[in-house]
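K.L.:
Quick one, fold the following:
(one chain, ligands or ions: 1)
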Amino acid sequence: MSSAAVNVRPEIAGLTAYVPGLSIEEIRERYGLESVIKMASNENPLGTSPLVQEALARHAALAFRYPQGGNPRLVQAIAAHHKVAAERIAVGNGSDEIIDLLIRIRAVPGKHNMVCFDPCFSIYPIQSRICGVEVRRVPVEPDFSLNLTKLAALADENTVLVFVTTPDNPSGYSVPMQALQALAAALPPAALLVVDEAYADFADDEQASSLLAAGIDMPNVVILRTFSKSFGLAGLRLGYAVMPQALGNYYWRARLPFSVNILAEEAGLAALADSVYRAETLRVVREGRAALTAGFEALGCHVYPSQANFIMLAPPKGAMDAAGTFEALLRRGIIIRPLKSYGLPHLLRVSMGTAAENAALLKACKEIWA
Ligand SMILES: *Cc1c(COP(=O)(O)O)cnc(C)c1O
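P.N.:
Down below sits the predicted model:
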């Protein structure tokens, strides 16, 4: 092979590709199953909103057009939804794109550093490493709570980004708002606190657990939200941030002009308008979370308290372990998420399904662990 093809930056040579949850098609083929339940990727249990499907059909003929630069209609609608100035809204190809851009906008490779927990959402450290930015990590507590004082202690004058996910992935732990406010106030001047609220609206009391919902504004805080979970648009790739206005200006300079495509934009507008689907989603997830938590505890599992649309758990002591449970469920046509890639091979993560899917999972686990 010519060296032109293999000479890559050292940051890239050391990487392994992101491992997503298994797809329904893969499992259907592998085990010859007719129906497969997927509870692995924190997707919306209700499927795609009917209003979104209608909007996608209605705008299919526009696919030959470039989207409007800066997605102004979508930005206005998100700003109205959260009652903040449109100048502070950034939209991206999933919040993944926004995370990547925040790193590239803020961090000078070889000079600046970023701070996050271990484990955490893998996009933060991976995109930082790709960018050549030092990653500083502090372990989560044994009970998976997040000690923000320990996190702050890693920050110095060269820290430009600090990432906190709340509710956290994969544990579902929700950080008290007062602790987040204290963290933002304690950080060195150059450090921007990124609070990833991808799951914040699933909390039993969103107002009490989300800076954005509570209307708490701090000059060094960016809030991330996504259309992938409660809005049900994971496959269309649409995320957004509420950021300080001065930073918003730079965001649009750095973003690829058309990264949010024309159908994602229309779908986002329709999803914001479909308050019935959204309310039903939140009801199904909150009720499912209570039911699955109680159900798994009754089977002898340790279930970590969650405010997200998933729960993390350890199989009962003496029963089949996490890896074996995952495989046994696959053979029964149920996909959940093993947490080996998070460095937690003894734990499993389960996304909330419909009431029927949740019941099917509990029944299967009861048989597997008997
Ligand atoms: C799912 C998820 C997101 C959303 O990512 P998108 O790119 O918007 O799909 C963001 N942060 C965390 C922690 C997540 O789990």
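K.L.:
all strands for the protein, in order.
P.N.:
For the chain, the strands defined by DSSP state E occupy 37-38, 89-92, 113-118, 134-139, 159-165, 192-196, 221-226, 239-242, 302-303, 310-314, 334-335, 337-338, 348-351.
K.L.:
Minimum distance to residue 179: which of these has it?
P.N.:
Ranking those by distance to residue 179, with C-beta to C-beta as the measure, places strand 159-165 first at 9.3 Å. C-beta coordinates here come from the backbone N, C-alpha and C atoms, glycine included.
K.L.:
re the thing from before, possible to save the strands of the chain as JSON lines with mean pLDDT, mean neighbour count and distance to the ligand?
P.N.:
Below are the strands of the chain laid out as JSON lines (pLDDT from 0 to 100; neighbours: other C-beta atoms under 10 Å; distance: least, C-beta to the nearest ligand atom, whole Å):
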{"stretch": "strand 37-38", "mean pLDDT": "96", "mean neighbour count": "22", "distance to the ligand": "15"}
{"stretch": "strand 89-92", "mean pLDDT": "98", "mean neighbour count": "26", "distance to the ligand": "8"}
{"stretch": "strand 113-118", "mean pLDDT": "98", "mean neighbour count": "22", "distance to the ligand": "11"}
{"stretch": "strand 134-139", "mean pLDDT": "98", "mean neighbour count": "16", "distance to the ligand": "15"}
{"stretch": "strand 159-165", "mean pLDDT": "98", "mean neighbour count": "24", "distance to the ligand": "5"}
{"stretch": "strand 192-196", "mean pLDDT": "98", "mean neighbour count": "25", "distance to the ligand": "5"}
{"stretch": "strand 221-226", "mean pLDDT": "98", "mean neighbour count": "25", "distance to the ligand": "3"}
{"stretch": "strand 239-242", "mean pLDDT": "98", "mean neighbour count": "25", "distance to the ligand": "3"}
{"stretch": "strand 302-303", "mean pLDDT": "98", "mean neighbour count": "16", "distance to the ligand": "19"}
{"stretch": "strand 310-314", "mean pLDDT": "98", "mean neighbour count": "24", "distance to the ligand": "9"}
{"stretch": "strand 334-335", "mean pLDDT": "96", "mean neighbour count": "22", "distance to the ligand": "16"}
{"stretch": "strand 337-338", "mean pLDDT": "96", "mean neighbour count": "22", "distance to the ligand": "11"}
{"stretch": "strand 348-351", "mean pLDDT": "98", "mean neighbour count": "26", "distance to the ligand": "10"}
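K.L.:
In JSON lines: these, plus distance to residue 107.
P.N.:
Converted to JSON lines, those look like this (distance: least, C-beta to C-beta, whole Å):
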{"stretch": "strand 37-38", "distance to residue 107": "35"}
{"stretch": "strand 89-92", "distance to residue 107": "17"}
{"stretch": "strand 113-118", "distance to residue 107": "6"}
{"stretch": "strand 134-139", "distance to residue 107": "9"}
{"stretch": "strand 159-165", "distance to residue 107": "5"}
{"stretch": "strand 192-196", "distance to residue 107": "10"}
{"stretch": "strand 221-226", "distance to residue 107": "14"}
{"stretch": "strand 239-242", "distance to residue 107": "16"}
{"stretch": "strand 302-303", "distance to residue 107": "37"}
{"stretch": "strand 310-314", "distance to residue 107": "30"}
{"stretch": "strand 334-335", "distance to residue 107": "36"}
{"stretch": "strand 337-338", "distance to residue 107": "30"}
{"stretch": "strand 348-351", "distance to residue 107": "29"}
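K.L.:
Cool, thanks, talk later.
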